[in-house]
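[1] A predicted structure for the sequence below; I have some questions about it.
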Amino acid sequence: MSTYLHDPDAVLDYQVDWSAWLADAETITSYTITVTGTVTVDSDTNDDTSVTVWLSGAADDGRPTVACRITTNQGRTDERTFDLAVRDR
């Protein structure tokens, strides 16, 4: 699991890329973002091989977790999770 440094006042995008995992002609058809802790999902979007989530409002010294679960056009599902280490930069 990856950890990213995130300032409490930041509004940043985080991309989860499945291009190396997906089979030929396989694409992301749906996804869900789940957040644990004090961070706000401002928006999210996807293309055929990745999901991007914009996050803000994290509490200083917090450690929110963000999970992104996808379903593909071939009926497979996968989930990637990352942490935010929240502190002033």
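    Done, it's in.
[2] Extract the C-alpha set from the helix or strand bottoming out on mean pLDDT in the chain and format it as PDB.
    One helix or strand of the chain scores below all others by mean pLDDT, DSSP states H and E: strand 2-6, with a mean of 93. What follows is strand 2-6, C-alpha atoms only, in PDB (Å, rounded to 0.1, in the frame of the first residue of the first chain):
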ATOM      1  CA  SER A   2       1.300   3.400  -0.900                       C
ATOM      2  CA  THR A   3       1.400   6.400   1.400                       C
ATOM      3  CA  TYR A   4       1.300  10.000   0.100                       C
ATOM      4  CA  LEU A   5       2.100  13.200   2.000                       C
ATOM      5  CA  HIS A   6      -0.900  15.500   1.900                       C
END
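[3] For it, which helices and strands make contact with it?
    strand 77-86 (3 or more C-beta pairs under 8 Å, 6 or more residues apart in numbering; DSSP states H and E). (Glycine included, C-beta is placed from N, CA and C.)
[4] Now do the nearest residue to Glu79 once chain neighbours are set aside against Asp24, distance only.
    For Glu79, ignoring the flanking residues on the chain, the nearest one in space by C-beta to C-beta, 6 or more residues apart in numbering is Arg69 at 4.2 Å. Per C-beta to C-beta, to the nearest Å, Arg69 is found 22 Å from Asp24.
[5] what does Gly75 give?
    15 Å.
[6] These two: which has the busier surroundings?
    Neighbour count, other C-beta atoms under 10 Å: between Gly75 and Asp24, Gly75 has more, with 8 against 4.
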